[in-house]
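Engineer: build me a model:
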Amino acid sequence: MYIAAEDRSFLPYILKTNMINEKRVATDKWALVIFIIAVLVWIPVIVIATITCTDKKMCFTPLDHIFSTTTDINSASSIIAMIGYIILGAFITRLVFVLTYYCPSVMTRLTFLVLWLLPIVFLVAFIKMPNLVYFFMFVSAVASIFLVHYLLPTEWFHITDAVLKESCKAIMFYPTVSIVSALCYVLGICCAYVTFATYINIEGIEGMGFLTFLMHIINSLVGFWVVLFIVVFGQMVSSGAFATWYWHQHKSDIPKYTVFRCIKIISRYHLGTVAYSTSMFGAMSILYLLGMRLLNHEGNKAGKIWLVLYHMVDAVVGRFMAAGAVLNCITNGQDFAESASRTLDNFESNIKKTLLATKIIEYVLILAYVLVSGLMGLAIYPYALNFTYPLPLAVIIYIGTNMFLFSLLATLHASFNAILISCYEDRTINDGTTLRPYVMHDDLRMAFIRRGSPRWYACCATRKSYYENS
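Structural biologist: Model prediction:
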């Protein structure tokens, strides 16, 4: 909740500048215990599935078996070509990042091209396979578009452009973060393969026993939990590094090996919060907080209702709260519930700004993904025509490219959320006076002050002439 200037005297001048050196206590230890027990049960399931694959009930599919019928991609020339295409994908991914770094406003304006992409995809999917899931996703995508167009005339892209620029600067300052994120995604993909490769054979479902069914459920739930745990661990490391970067006005004063110190802190104190945030308990906590804020009669009740209802249509609120909980855990040493509540306070104080910024950055990430995937598809297509079975070739190149692409997009998203939340904390603690100046530099400060859209957009939105809106 926003704190008035006269009530800020009890707050520190600069929040958590040396946060990676502070004393901490372990958070959400019970969640870590449950996670360890679940993993210890999951590993024997994989082993049993590998040993007893001949019983036609639970099987583990080796990787070489998937491509046993596609011998034309196993030659040395094909392997070299696939490696070359994966390197090309990494290069294109880097080019998209450079474009975002030097021209963030171009990327945010290009999101107009992908606004209707998701509704079209979900509508086509619903027409081909009618079900409630595709219908809900279609409604959610359309609601997001209307929300963006509702907020643009007053908020525009000012905050998104400034924070996106700072996010790219932070990523350039910490090249190690991208490496850690890529390693987490590689490990996550490996765990996902182990989970999906272990399955119940179709011929054995009708006559399978309860134990086999239970093993399948354990494999599905725990395997997915492990994948999310690894990915969120990388995001927490990234958030801690980027928050440290923000709260140091003089970047030369940033401690060395910040990324590795964050890894050490998380591994020692906050693995429980990582486990909690990636479990169903984390989602239930977010829903509980939203519900309690709605029942709380203090503050702007209409805004709280809007917050909760929009979360029901699009989980942007939940995603931001989860990202904020991860950030506040590493920066303030709080557990998941306290961190999520603190993030929700920032959200409520800046509802319109946060909703627009978080939606636009998601569209920017979708745009980057479409650009890289489209260019890679055009590059692969002529070469894939030479194969009898081109799909496995495309899948291998797609997975290899996405290891670079997803890690970059995840790092950019984590950096954006970390800096945006840090800006909110900065504006809560400080008031911009000479006694309590903002940590943020002038571009970010002006982005929070500026309001309103350009006249050309106002003309399109109101259907008035350029001079009528001047």
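Engineer: now the strands for the stretch 151-300 of the chain?
Structural biologist: Ranges of strands in the stretch 151-300 of the chain, per DSSP state E, counting those that start in this stretch, are 198-200.
Engineer: give me the below-cutoff pLDDT ranges for it.
Structural biologist: 199-209, 294, 296-300 (pLDDT under 70).
Engineer: try 50
Structural biologist: For the stretch 151-300 of the chain, the stretches flagged by pLDDT under 50 are 202-205.
Engineer: all helices of it, in order?
Structural biologist: For the stretch 151-300 of the chain, the helices defined by DSSP state H, counting those that start in this stretch occupy 158-173, 175-197, 210-246, 258-265, 271-277, 280-295.
Engineer: what's the pLDDT at residue 411?
Structural biologist: As predicted, residue 411 sits at a pLDDT of 90.
Engineer: can you list the helices of the stretch 151-300 of the chain in TSV and add distance to residue 48 and mean neighbour count?
Structural biologist: C-beta here means a position set from N, CA and C on the backbone, and glycine is covered the same way. Putting these into TSV (distance: least, CB to CB, whole Å; neighbours: other CB atoms under 10 Å) gives the following:
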stretch	distance to residue 48	mean neighbour count
helix 158-173	43	22
helix 175-197	13	18
helix 210-246	7	22
helix 258-265	33	18
helix 271-277	24	27
helix 280-295	25	16
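Engineer: quick one: closest of those helices to residue 35.
Structural biologist: For the helices of the stretch 151-300 of the chain, the distance to residue 35 is smallest for helix 271-277, at 3.9 Å, taking CB to CB.
Engineer: where does the stretch 1-150 of the chain have low pLDDT?
Structural biologist: 1-18, 71.
Engineer: strands along that one, start to end?
Structural biologist: 58-60.
Engineer: tell me the contacts of the closest residue to residue 104 other than its chain neighbours?
Structural biologist: Once flanking residues are discounted, residue 104 sits nearest to residue 164: 4.2 Å by CB to CB, 6 or more residues apart in numbering. Residues counted as contacts of residue 164 (CB atoms under 8 Å, 6 or more residues apart in numbering) are 100, 104, 107-108, 361, 364, 416.
Engineer: quick one: which of these sit in helices?
Structural biologist: 100, 104, 107-108, 361, 364, 416 (DSSP state H).
Engineer: most neighbours, which of these?
Structural biologist: Neighbour count (other CB atoms under 10 Å) singles out residue 416 as the most crowded of those, with 27 neighbours.
Engineer: any idea how far residue 395 is from that one?
Structural biologist: 30 Å (CB to CB, to the nearest Å).
Engineer: same question, residue 221
Structural biologist: Counting by CB to CB, the gap from residue 221 to residue 395 is 26 Å.
Engineer: do the same with residue 411
Structural biologist: If you go by CB to CB, the gap between residue 411 and residue 395 works out to 24 Å.
Engineer: can you check residue 44 too?
Structural biologist: Distance, residue 44 to residue 395, by CB to CB: 30 Å.
Engineer: on that earlier part again, neighbour-wise, which of residue 411 and residue 395 wins?
Structural biologist: residue 411 (28 against 12).
Engineer: the more buried one: which element?
Structural biologist: helix 390-429 (DSSP states H and E).
Engineer: so, low pLDDT: which residues of the stretch 351-470 of the chain?
Structural biologist: For the stretch 351-470 of the chain (pLDDT under 50), the answer is 465-470.
Engineer: try it again at 90.
Structural biologist: 351-359, 362, 373-374, 376-410, 422, 424-470 (pLDDT under 90).
Engineer: now do the contacts for residue 329.
Structural biologist: 27, 236, 270, 273, 335-336, 339.
Engineer: 6 Å instead, please
Structural biologist: Counting by CB atoms under 6 Å, 6 or more residues apart in numbering, residue 329 makes contact with 270, 273, 339.
Engineer: how about CSV for the residues you listed, with distance to residue 316 added?
Structural biologist: Below are the contacts of residue 329 laid out as CSV (distance: CB to CB, whole Å):
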residue, distance to residue 316
270, 25
273, 22
339, 18
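Engineer: now, which of those residues sits nearest residue 143?
Structural biologist: Nearest member of these to residue 143, counting by CB to CB, is residue 339, at 27.4 Å.
Engineer: quick check: closest non-adjacent residue to residue 424.
Structural biologist: residue 346 (4.1 Å).
Engineer: could you check how far the one you found is from residue 322?
Structural biologist: Distance from residue 346 to residue 322, by CB to CB: 14 Å.
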